[in-house]
Each structure stands twice: as C-alpha cells, then as structure tokens.
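Participant: return a 3D structure for these sequence lines:
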Amino acid sequence: MAHSWEQDSKAPTQSPAIRKPASSAVSYSDPERRQPAPTRDASLAEIQRLNACFQRADCEFPKSSSQSYRFALSEALAVAIAEHHANYGPEKEIAQFGIRNPEPIVKVAALEMLAAIPPSLENLSSLENGLRNSRDPDLLAQAMKELGRYVGSSLEIEAQRIVEGFLSRGPSFSSPQNASLLRPFINEHSYEEFQEILRKLEPGAETRKFLASALEEYERKRKP
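Facilitator: Next up, the predicted model:
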C-alpha cells in the first residue's frame, strides 16, 4: 500500500461522509444508515486524513471540552476502519497502524480486521507494541482471542510471551473471560512458566485467582 499511516497529510478536497456512532461500539451492519461506499482509494485517504487529525486540532470535530475533539475523532477513525474492512476486506497495514493508535475504540476496530488476516510474526509484534500499556480488560480479552489463533502454530511461544506480559499487569487482566481465554496457553511446556508468574502475583489479586484456577484445571485434566 502506498499510504504512510504515520505521517501527516493534506485533507482531500472532498472526503467521504463518515457516520459517527453515538456509543463507543463500532458497527458497520446498518444498511439503512450507511452511506454509499466510497472508492477504495477515497476510503484509504479518509483513514489517513483522520489519522493525521490526531496531530492537529483543526479538523471538523467538536471542541466543547478537552476530551470532546479526541473522542469524536476516535469514533470516526474506528468507523472508517470498520467500514473499509466491510467494503474492501482486511488490510494488514491498516490493522497494524490502528492497533498502535492510543484510543481503545480504534484498537478494537483494528483487532477485528487483524482477526481476518493470516497470523504472522509481524502481526504479533504490532499487537504486542500496540497493547503494551493497555489497561482495558475488554480490549485485552479481544487481544487474547486473537492470540488464541496462534496456539498450536510455530509462533505459539511468541504469543505466549505476550500473554505473560498481560498477566504481569495484574488488574488489567482480571476478568473471567480473560481467564477462560488463558487456558489454551497452558500446556506441558509452559506450565512451569505460568507457575512462576503465579508466585510473583500479589496474594489475593484477581489475576492471581484466575491464573490459579486455570492451572488447577490443567492439573486435573492431565491426571491419568
């Protein structure tokens, strides 16, 4: 793809209309409200334009508070990524740059696109770097689903290392959904490593409870 997602760019003279959802949920399955699809090039240009707006404060979004501009911009970019995915299929460059965006709603749209792309070391690296400082349990749950695609592959060890990083953050991983998604990563090769992580977690922490439960389930199932 010829676009450079990390660089600022001039806005096109006419950009396709972007529907901004009232909630943080990204949806592109409402045929009554969707605008006619722009061309692929126009769609890419709009994504790049919106991305550049994060470095500027003069784009067409409300500025009634310190957060209103960024919130509306984040929603618009998430929708633009989701609609591009719906209209033209997944593109790894868009998914990878979207995961690096600091806003969770943009990361969610990017993860949905990444899930439709074959697993690769490059995608794993983007996921790890993009979620390194994430503290949102729902976002991490979606990331865990993506990492689960690597179980049983030649990249399982790399995916497991990212999971271990999530665990080490403590509260950000403390949800039953994440605990259930953790279970496939525990096997005869990784068991001791997860035990070591368990020993380092704070006593009474929710993450410790979930990890202990997953380890106990593995122990029960491996008994003859």
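
Participant: how many neighbouring residues does Gln55 have?
Facilitator: For Gln55, the count of nearby residues is 9 (other C-beta atoms under 10 Å). Bear in mind the C-beta positions are built from the backbone N, C-alpha and C, glycine included.

Participant: three-state assignment of it?
Facilitator: Under DSSP: H, G, I helix; E, B strand; the rest coil, Gln55 falls in the coil class.

Participant: go on, the one 5 residues further on?
Facilitator: Under three-state DSSP, Glu60 falls in the coil class.

Participant: return the residues in contact with it.
Facilitator: Residues near Glu60 by C-beta atoms under 8 Å, 6 or more residues apart in numbering: none.

Participant: which residues sit against stretch 95-113?
Facilitator: The contact list for stretch 95-113 (C-beta under 8 Å, 6+ apart) reads 5-6, 24, 26, 51, 54, 70, 74-75, 77-79, 81-82, 85, 90-91, 94, 114, 117, 122-123, 126-127, 129-131, 134, 136, 139, 142-143, 146.

Participant: apply 7 Å and report the result again.
Facilitator: 5-6, 24, 26, 74-75, 77-78, 81-82, 85, 90, 94, 114, 117, 123, 126-127, 129-130, 136, 139, 142-143, 146 (C-beta atoms under 7 Å, 6 or more residues apart in numbering).

Participant: quick one: mean pLDDT over it.
Facilitator: In this model, stretch 95-113 carries a mean pLDDT of 95.
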